[in-house]
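Trainee: predicted model and sequence follow; I will ask about them next.
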Amino acid sequence: MSWTDERVELLKKMWGEGQSASQIAKELGGVTRNAVIGKVHRLGLSNRATGATPAKAEPKEKPAPPPKAEAKPKPAPKTEPARPAPAPAAETKPAVPARRQIIPAGQPLPPQPSANEISPEALAKVNEVEKKAKKLTLMELTEKTCKWPVGDPATEDFWFCGLPVEAGKPYCEAHVGVAFQPMSSRRDRRR
């Protein structure tokens with residue numbers, strides 16, 4: 001199928017009347033809806049004639065804007081009264097920060113519950129191993145070095161263990177003993 005002058009004129013006329021691309025394709029025959037849309041764009045006809053479209057749009061616009069326009073200002077005052085609400089919520093927050101307290105960088109962390117549950121033997125072994133640690137930086141770590149972090153990352157005293165790792169684990173033997181605890185001991189703590 002080729003776009004003859006007659007077919008192009010019919011396309012322009014039907015498009016100007018507000019007919020859909022599918023309707024035009026059926027009328028022309030031998031072309032698809034997408035072919036009609038492509039030709040419309042190539043001809044620069046993408047804007048429809050003002051006769052058919054505004055008549056359809058005006059009834060929709062007249063009833064719709066007043067309720068929407070009135071509805072939009074109402075939520076704004078609702079959000080403003082919601083701002084004073086955090087003040088009473090601040091009174092209830094003091095109990096929560098004890099659990100979810102944000103600690104600034106460089107400050108010591110509070111005691112962690114898991115530290116109390118680790119056996120003293122494992123902690124003693126970790127302390128001994130950390131004395132022998134290579135004290136590597138992040139850039140010095142490899143697949144074969146223990147990646148156990150020691151200290152506060154916000155300070156200059158922060159380092160990684162760096163001792164040889166246990167096969168299939170990211171940590172050395174001592175840190176594996178602390179990090180990976182048997183399932184039964186974890187179940188017992190929950191009870």
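Mentor: In hand now; what should we look at?

Trainee: can you show me the strands along the chain?
Mentor: When assigned using DSSP state E, the strands of the chain occupy the ranges 149-150, 159-160.

Trainee: and among those, the most buried is which?
Mentor: Neighbour counts averaged per stretch over those are highest for strand 159-160, at a mean of 20; criterion: mean count of other C-beta atoms under 10 Å. For glycine as for every other residue, the C-beta is placed from the backbone atoms N, C-alpha and C.

Trainee: circling back to that earlier point, would JSON lines of the strands of the chain with distance to Val176 be doable?
Mentor: Putting the strands of the chain into JSON lines (distance: least, C-beta to C-beta, whole Å) gives the following:
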{"stretch": "strand 149-150", "distance to Val176": "14"}
{"stretch": "strand 159-160", "distance to Val176": "15"}
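
Trainee: a markdown table please, covering those and showing mean pLDDT and distance to Pro104.
Mentor: As requested, the strands of the chain are exported to a markdown table (pLDDT from 0 to 100; distance: least, C-beta to C-beta, whole Å):
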| stretch | mean pLDDT | distance to Pro104 |
| --- | --- | --- |
| strand 149-150 | 90 | 18 |
| strand 159-160 | 92 | 21 |
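
Trainee: looking at these, which is nearest to Leu43?
Mentor: The minimum distance between Leu43 and the strands of the chain falls on strand 149-150, with 66.6 Å, by C-beta to C-beta.

Trainee: okay, now the unreliable bits of the chain?
Mentor: Per-residue confidence of the chain (counting by pLDDT under 70) places the weak regions at 1, 48-101, 109-118, 182-191.

Trainee: which residues in it form helices?
Mentor: Secondary structure of the chain (DSSP state H): helices at 5-16, 21-28, 33-43, 52-61, 65-71, 75-82, 86-92, 113-117, 120-132, 173-179, 183-190.

Trainee: ok, now how distant is Gly44 from Trp15?
Mentor: For Gly44, the distance to Trp15 (C-beta to C-beta, to the nearest Å) stands at 11 Å.

Trainee: quick check: domain ranges of the protein?
Mentor: Under automatic domain parsing, the residue ranges defining each domain of the chain are 1-79, 113-190.

Trainee: how near is Phe158 to Thr137?
Mentor: Separation of Phe158 from Thr137 (C-beta to C-beta) stands at 9 Å.

Trainee: who has more neighbours, these two?
Mentor: Set side by side, Phe158 and Thr137 give different neighbour counts by other C-beta atoms under 10 Å, the larger being at Phe158 (14 against 10).

Trainee: next, count neighbours for the residue nearest to the more buried one when sequence neighbours are not counted.
Mentor: Closest residue to Phe158 apart from its sequence neighbours, by C-beta to C-beta, 6 or more residues apart in numbering: Gly151 at 4.2 Å. As a burial measure, Gly151 scores 12 neighbours (other C-beta under 10 Å).

Trainee: my guess is Gly151 meets Asp157, correct?
Mentor: Yes. Applying C-beta atoms under 8 Å, one finds Gly151 in contact with Asp157, separated by 4.8 Å.

Trainee: appreciated, that's everything.
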